[in-house]
Every structure is written in C-alpha cells, then in structure tokens.
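Q: Pasting the sequence and the predicted coordinates here, then a few questions.
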Amino acid sequence: MANNPKVTVFSARRVVTLDPSQPISTHVAVRNGRIIGHGGPEVVGQFGGTLDARFADKVIVPGFIEGHGHATDGLMWRQPYVGYFARTAPDGSRQGGFRSVAEVVGHLKAIEATMPPGKPLVSWGFDPIYFDGPRMTVEDLDIIAPDRMVVVAHVSGHILNVNTKVLIAAGFSADSNIDGLVRGQNGQLTGELQGPAVMGRANRATGDGGLLRELDVAGLRDYGRIARRVGVTTSTDLANAMTPANVAAMRTATAEPDFPIRLVPAMRAREYSIEDGLARIAELRKLSTPTLQFGLVKLVVDGSIQGFTARLRWPGYHNGAPNGLWYISPAELEATVKSYHAAGHHLHIHTNGDEASELATEMIGRAIEAHPRADHRHTLQHCQMADSGIFRRMKTFGMCVNLFANHLYYWGDQHAKHTMGPSRVRRLDACNTALASGVPLAIHSDTPVTPVDPLFTMWCAVNRLSSTGVVLGDAERITPAQALHAVTLGAAYTLKMDHLIGSIEVGKYADFAVLDDDPLTVDPTAIKDIPVVATVMGGQVFAT
Amino acid sequence: MTIPLTVIGGFLGAGKTTLVNHLLATGAKRWGVLVNDFGAINVDAALIAASDGQTMALTNGCVCCTMGDDLGDGLAAMAARIPPPEHVIVEASGVSDPWRIAQMALIEPGFNLEPLVVLVDATAFPAQLDDRWTGDTVARQLAFAEIVVITKIDLADAAQLVMVHVRIAELRPQARVIETAHASLPDTALSFTPPARPQASRFHADDVTHAFPTQRIAADRQFDRDRLRWVLGMLPASVLRLKGVCLLGGERVLLQYAAERWAFTPAPEGLANGMVAIGTPEMPDLEGLFEEAR
Ligand SMILES: [Zn+2]
Ligand SMILES: [Zn+2]
C-alpha cells in the first residue's frame, strides 16, 4: 500500500480491542492500513483523522483468524453440496439442509437435468447420520441418472455412495468380495464404498480428484468470499503441497487489491524428502508478503476419530473397532520433527487420537532436548482427545494447541455413542484443560470439513452442545472472552503472527470484524447468531 | 495372460527398499516396481534410462513407479507399458497393512496375486512387537503374510533368531519363513510356483520350491454362483490361495481367492479352464467341498 498520511477513524458502539492497556474503546484510527491509535471520540482530533461513522452502532472486534482451514473450500462449490446442515456458498446462497435420502436424490435429479451428457455428477458433504430410514443405495442413485456416473461423497471424507455406472467402471460387482465394498441383505453391493483403496478406484473411474486438488486463483477468490462473510481476515491453508502451480495461484490472488484475507499456507512435509522439504520451506519463506505468509510445516500423525483411523490409547474405540494405523511411523516422526525443529521451522502437527497427541508431544520433547530452542510454538492441530497429562507435558515443552471445537456440535453425539463413549467424550476438545494447563489455545473449523465461522466455533467452545442439544463435558466450557481470544490473538500466536494481527493495538494491521452485537455481552447461547456486518482488512472495508 | 503381482510389506527398516533396490539393479527379470516414493530408491545412475519424478525406466528393462491411494492406477500404468513387466512388485509403506493393498489386486483381471511377503528385521522384530507404539502395527502386518522373510540374520545371534521364529509362529503359523542376510531373495520367494526357467543361484536364502502344497480342482462343469460363494465362505485358513478359470452362469470367469476375500473377473485370453488351490500342509482335500457348488 502506498504511503498515505490520511487517517481514518472508525467509530463503533464498542471496540473490543484485546489490548491489555485498554480493553474497550469506541474509536480506532487507521493510517496506511495499520492501527495508529484507539480510545474515545478524542481519537479523531488526536490524529487529525476523518471520522467514518458507518459502524457507529456496531461492535468492532479484531478480525477473526481461522487457524486451521483449507482453501480448497473455495473449489468445492463447483460441485453440488448435499449436506444435512445448510451452509453458505461463495455467492452467499444457502445450500444443503437435506433431511432425507429422498431430498438429496430430488436435488441431484434436478441438477442432473441441466447437465450436458457424459459429465459425471459428483456431489459432496453428504451426512446421513441424522436420517431415519434406510441408508442410501445404488438404486437411489440409479434413479438420478442410469447412464451418467453419480457420486455422493460423505462429509466425513471416508465414504462414497456411487451408482451402478461407477461400480461397473471401477470393476466392482457382487462378485468382488473385498474390504470396503458394503453389501446388502441380498449379497448385492449397496454402492457404499468405504476407505481410501476402494474410494481411490472410484475417483479414478470418474476422474474426480477428491479432496486433494490444486488451488487456482478463482477458487482462492471464492475462499476469500466465504471467509470474509463470517468475519475472517486471516486464514491458514493447512495442507498445501506447495507445487509451483499452488504457489503461483496464491501469490496472484493475495496480490489482488480486493483480496479480503491474509493467507497462511502450511507446507505438507510428506510431499518432500526431509532434505528437499527443508530447502523448499526456506525458499518459500522469502516469498512472504503482508498478505501471504509462508513458514508453517504440516505433519500428519493419524487419521480421524469418526473414520476410526485415529490412534487411541487404552481403552480404544468405545464400539470395539480396531485402532487406526499410524500415518507416519514413530521413528520417522522423530526424525522429521528433529530436522525441522533443528533448522528453526514451525511445525503444525495433525493428531486426532490421544495416542497420536502423546507421541507427537514425546517427539517434540526429544527434539527440544537435542536442540534447545525457545519460542518454537510447535502446535498440535485437532488434538481432540488429549487429557490433562498430555496438556501438562505440552506446557512443559512450550507447545501450542488448536482444538477442533466444531466437532462437539457436528459429531459429538456420534462420539458419545460409538467412538469415545459417555465418559471420554467429556474431554473431547478440552479447551478449559488446555487453558488451565497454560497451553496457548486456538479453536478451528477445518473447513471444508465443517463450515468456517469463528462465531460458531466460539459458540461451540462456550456451550459444548451437540447437534441434538446434549451438553458434552460442561467442565470443559470456556468463557466468551476466552473463546474470542482463541479465534483472534490465540490463533495469531500459534501462527507467530501475534505481533501483526489478532488484537487492536497500535502498530498492528487494521484487521477488524464488524459485528451487529458484542459476543462478550450477548446471551452465550446466541453468539453464533450475531450477524457479521463487514470486515476491515488493512484498513480496507469489505461489506458482507 | 496375467502378470504375477507380489505385495511386499514390513515395518520401517525391515529391508523392503534394500530388496527393491536389489531387484532393480540385478534385473534378473523385467521387474515393474510400485513404491510410495522414490526417496530411498538408489540404483546406479548409469542404469537410469529416463525419469520424470513418477516413473523411472531402467536400461535393463525394469521400471519403478510411485503410487497413490489407488493401486489400480499404478497397475494400469504397468500393464500399459510396452513390453509390460514380467512380474510386478508392490512395496507397501512401512506403517500400512499390506493385506489391505493385496486384496485390491484380486479385482485386477490382468494380474495374478502371488504370496503376500512380509519382511521382519531379525535384530528389531521382538522389540517392535513389544513397543507400545509399534506393536499392533507390526502384528497386523503379519496377520495375512504367506511368506515371512527374516532379514539381517548375520547381525542376530542364535538365541535372537529362535525368538524371532517363535514370535512369527505365534502370529501367523500358516506362513512359510525364509531367512536372509541381505534382503536379497530368490525369485521363488516371490511366487507360489517357481519360474520355469532356471535362475542364477547366487543367493543364500532357502529354496522354497514345493513349500506350498497345491491341489487341482476340476473346472470342466458349471458352478452355481450362489453355491460357489457359499463354498468360498467355508474354506479353512489353511487355504491360502485359490485361483483359475472356471465356468459360471455360462461365462468363463477368473476366480481369485485369498484369506476370505475373493473376486470373479472376466477370464483373460489364453488361460485354460482349471483352478489350483495353494495352502499349508494342513489344507484338507477340497474336491468334495467344491462338488457342493456344481
Ligand atoms: Zn487434520
Ligand atoms: Zn485439516
């Protein structure tokens, strides 16, 4: 941004600053995209600014930070969304909200009628766990289109439903008796495919890339639209292969004058040998700009709890399912963590099950012993089942955590019934224990797994309600102020950006979320319903 | 004809990559090798004819490709090569369950699933089994192994070696066990049936020829589909493999069976009718059971 001495002062009903020297203001002055002052009405005169009173009856908070999201969310909407929970598309329209297999089938049939022949119909976000009645079958999808390939991907990411045309193209039939092909009473395939092996084969048949796609500029713009509408001014893209095409798309999109968010991609270490990965991340760091920050390195230790691929300690899965498999062996994890740690890099490590969190903590501990280093801020991502003992060790080693608070709502009932059982589910995403242990806390959506919406994520951490209204572990609730911290300064801290963003303090970027009401004073059960009026990013206003 | 396919599993450090490097370097056959990543593949640079990051073609006719989640994708690329490989080896990742990968090969009509080979490190295996973080992974890798190869025996003493055999027998008594010092194996360890042409014998491993009893099952009469499925569901664990062409509902189909998993696929050209069962010495006479399906 060009040097511009002009000062704009935004006035509001309240400015919740998270600035310890003045937590609440009513006016914030901005120059050159950065905060030059805040306080009462006197700020206008103090900085010779022009008053911008369009938010005079609104509440300004620091711009929200999605500490674990995926920009592929912006690409998903090229295909129909068929979820149980309605969510907002880049154009602002509400999609999904289907309550039965018949509703999904009807919606897809209407879309199919408008499609050119031959093109596969691939939809996403299917979530039948709250449906009554029989599961989706191959007959349901054959009704939509007998001569077009039809795929319905489940929101969990571990299951596909397909029609007969896809089964034939993939070489699956009643004569194939292998793991992952679900059969009905009659011995025939139901069209439900479980697990990466059979899903990968179906994706090859349809030519669909599944969740791992290359980013493009249009998709990033769409992700920016989705994120800004819910008050986000900075988002991670937490599993980026850092291919030349991905990097070029991010550099182009984030340099556009009206791109509304700062992007913080994490390099998937698995794409590289350790040696090549160290060289790649070092060269990427040099490309950082105020709107595109490189530096995070992502590792994945296990799978997901709802997919029964997370690594759990005793007593394992409540329903007796076998433990998940490591995604990386303990020895390789140790070597990888040590190498990136010793070279001064910043690790974000996906761990869902408690055994995975325990292992990652142990390996970070060993790395620190070998190469003592202050302020590394290695962060466990999801870390959904850690208990107080694991959090205490994380504190000892100076680690941070980003908990998957949205899981409480979207899968909490499943965890209570099938994966964790009624006792352990109380410590699912244990925000209060993390804070009580002194572990810096962020909370996240993992969009597109669940929709990005930091006010909703705050609401989850504050209320801990499942989607059927059951409270899961009320002792793990945190206060609205703690939750607001977790989606602003707390998340910024896990990204090593807390000197730039996350609070309204002099010198920081003028990144704000403008809300219709104050999340710290509304009824805590209404936090998720507060309308987001606008965002401000680098002083530039984006009306929603 | 079909291409023999061998899946090789085993924990990190068991010697899978050493074995693959050895196969590629010697080129005793036109091997096609599928690996998770090229990182550890280390063949003499002079041997590399072409490499694009996903496929590495060698001057001795061997080829090495990376694979993703979809085994079929990698196998299709192998089958499409001119000439196609004589034998395909799939190297499972050190933390994966190789049986999950191997059973996907049952539905590949162009391939013939050979024994599931799992490597264990003579010096590390008991400790890996007892380790709280790796024990279940290592045990699961052995659960359906048909040939277990103990590697690095030169680094283990006699007592250690006995303990390794005991632990293998506890987990998978059906498997044949082979010992080797350098993860270099005779071809006979990669197939149920030994190759017709003699192989240069510069390896130290046991000869496993005839180690697996076989039975022929007549396939001159039609099977009933439902009853054949029922029979397949009844086969004991001593039957490791059943494969061959049979008549089913008026069609010729290729049946491949392994460890309670099976698939019928259209029979490829050039295969005569007839099935063969391969098992452990405990395998019962199967003819009577299959009579139930006719
Ligand atoms: Zn994750
Ligand atoms: Zn994620």
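A: Received it, and whenever you're ready, just let me know what you need. Ligands and ions are numbered 1, 2, ... in the order given.
Q: After the strand or helix carrying A:Asp413, which helix or strand is next? Please name it.
A: Element membership for A:Asp413, per DSSP states H and E: helix A:412-414. Counting by DSSP H and E, the next helix or strand C-terminal to helix A:412-414 is helix A:421-424.
Q: Could you list the low-pLDDT ranges of the stretch 201-350 of chain A?
A: Along the stretch 201-350 of chain A, segments meeting pLDDT under 70 span A:209-212.
Q: Check the secondary structure at the residue in the stretch 351-500 of chain A that chain B sits nearest to for me.
A: For the stretch 351-500 of chain A, the residue closest to chain B is A:Leu359, as judged by C-beta to the nearest C-beta, at 6.0 Å. C-beta here means a position set from N, CA and C on the backbone, and glycine is covered the same way. State at A:Leu359, reduced to three classes by DSSP: H, G, I helix; E, B strand; the rest coil: helix.
Q: residues touching it, list them.
A: Taking C-beta atoms under 8 Å, 6 or more residues apart in numbering or on different chains, we find A:Leu359 in contact with A:Val301, A:Arg311, A:Pro330, A:Leu333, A:Thr351, B:Trp133.
Q: so the second one sits in a strand?
A: No. Assigned with three-state DSSP, A:Arg311 falls outside any strand and is coil.
Q: My guess is it contacts A:Trp326. True?
A: Yes. Using C-beta atoms under 8 Å, A:Arg311 makes contact with A:Trp326 at a distance of 6.3 Å.
Q: Who are the contact partners of the closest residue to chain B within chain A?
A: Relative to chain B, the nearest point of chain A is A:Gly200 (3.3 Å; C-beta to the nearest C-beta). Residues in contact with A:Gly200 (C-beta under 8 Å, 6+ apart) are A:Gly210, B:Gly68, B:Asp69, B:Asp70, B:Leu71, B:Gly72, B:Asp73.
Q: Write a ChimeraX command that selects only the buried members of those residues.
A: Selection command for ChimeraX covering only the buried members of the contacts of A:Gly200, criterion 16 or more other C-beta atoms under 10 Å in any protein chain shown:
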select /A:210 /B:69,70,71,72,73
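Q: Could you check how many residues crowd around B:Glu86?
A: B:Glu86: 15 surrounding residues under other C-beta atoms under 10 Å in any protein chain shown.
Q: er, A:Gly316 actually
A: A:Gly316, neighbours per other C-beta under 10 Å, totals 18.
Q: ok, now A:Val449?
A: For A:Val449, using other C-beta under 10 Å, the count is 24.
Q: same check, this time on B:Asn60
A: For B:Asn60, the count of nearby residues is 17 (other C-beta under 10 Å).
Q: Report the secondary structure state of it.
A: Going by three-state DSSP, the secondary structure assigned to B:Asn60 is coil.
Q: Stretch A:175-184 and chain B, any residue contact?
A: Yes. Stretch A:175-184 lies within reach of chain B by C-beta under 8 Å from any C-beta of the partner chain, at A:Asp175, A:Ser176, A:Asn177, A:Ile178, A:Asp179.
Q: ranking the residues you listed by neighbours, who comes first?
A: Highest neighbour count within those, by other C-beta under 10 Å: A:Ser176, with 23 neighbours.
Q: That one contacts B:Met104, doesn't it?
A: No. Assessed by C-beta under 8 Å, A:Ser176 is found out of contact with B:Met104, at 9.8 Å.
Q: In which helix or strand does A:Ile35 reside?
A: strand A:34-39.
Q: what about dumping the CA coordinates of that strand to PDB?
A: Output in PDB follows, covering the C-alpha atoms of strand A:34-39 (Å, rounded to 0.1, in the frame of the first residue of the first chain):
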ATOM      1  CA  ARG A  34      -2.300   0.000  10.300                       C
ATOM      2  CA  ILE A  35      -3.700   1.000  13.700                       C
ATOM      3  CA  ILE A  36      -2.300   4.300  14.800                       C
ATOM      4  CA  GLY A  37      -4.500   4.800  17.900                       C
ATOM      5  CA  HIS A  38      -7.700   3.800  19.700                       C
ATOM      6  CA  GLY A  39      -9.800   5.300  22.500                       C
END
